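Chemist: Let's see this in three dimensions:
(one chain, ligands or ions: 1)
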Amino acid sequence: MATTPGLIHGRFERGFGWIPEPGGLMERSCTALAVDGKVWLIDPERMPDVEREIEALGTPAGIVMTIGWHDRDVDWYSARYGIPVYAAAHLRTVLVRSRVQRVVGTVPGTPFQLLDVSARGVSRFWTESALWWPEEGVLVTGDAIGSASYFVPRSQRAGQRLGVHPFRRPSPPDQLRGVSPRRVFPGHGVSVDEDAAGALTQALDSAPKDTVKGIITSVREVVSRLRGKG
Ligand SMILES: [Fe+2]
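Modeler: Numbers count the residues shown, from 1 in each chain. Now for the predicted structure:
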């Protein structure tokens, strides 16, 4: 568990996001959403005092993984609260020891839809889902869309808050074009709760198709960040 102060972000009446290591390289972010007194944890990672925040929302009821390699502290939370783990049926591999209940469509007992945002073509090994809560307009992404520094190249950063993962630029998650969120909670980076639909559209429209250039740009961003310049 991270020992540095974590960050709570995007708090609203039915949930919040948290980043255990805000200054860390990956800017991993996790999400808690509450429905009828029950709390659902999406791609959760441990952070001091976050359990108190989670329990203030309601009773933990389940965990949802958006992408198979976001194992993070899923097993720990599942054991801590005795709650099941859910993942979309289309994910090829899910890297947790807990038993995983595979989902097609809606997570049982919730209004959460798991959208298939997997890559296509040569990148089709990359299977992923996004959680969509239509009534609240909440979209939770895993890796395909994010707000961390390496998702949004510096050259595009003026006014742009969300970007497509560098490795997903040849096959951006166009499945999200029909979604119009009020809030986006990415798996990496802080949430967006102002004109989130516009930010999502901008991310999809501006994803550079040049993967090599995108990766080089992202590596530069990470190096800048390590040097404290990012
Ligand atoms: Fe990730």
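Chemist: confidence score at the residue in the chain positioned nearest to the ion?
Modeler: Taking Cβ to the ion, the ion has its nearest neighbour within the chain at residue 143, 4.2 Å off. Using the backbone N, CA and C atoms, a C-beta is placed for each residue, glycine as well. Reading off the confidence values, residue 143 has pLDDT 97.
Chemist: Please settle this for me: is it part of a helix?
Modeler: No - secondary structure of residue 143 (DSSP: H, G, I helix; E, B strand; the rest coil): coil, not part of a helix.
Chemist: My read is that it contacts residue 187, right?
Modeler: Yes - at 5.7 Å, residue 143 counts as touching residue 187 under the criterion of Cβ atoms under 8 Å.
Chemist: List the contacts of the residue lying closest to residue 113 once chain neighbours are set aside.
Modeler: Distances taken as Cβ to Cβ, 6 or more residues apart in numbering place residue 132 nearest to residue 113, at 4.6 Å, with adjacent residues excluded. With contact taken as Cβ atoms under 8 Å, 6 or more residues apart in numbering, residue 132 is in contact with 112-115, 138-140, 179, 181.
Chemist: quick one: which of those residues is most hemmed in?
Modeler: Comparing those by number of neighbours (other Cβ atoms under 10 Å), residue 140 comes first, having 30 neighbours.
Chemist: Name whatever forms a beta bridge with it.
Modeler: residue 131, residue 185 (DSSP bridges).
Chemist: any idea how far the residue nearest in space to the middle of the chain lies from residue 145?
Modeler: Centroid-nearest residue in the chain, with Cα atoms, centre = their mean: residue 187, separated by 2.3 Å. Distance, residue 187 to residue 145, using Cβ to Cβ, to the nearest Å: 9 Å.
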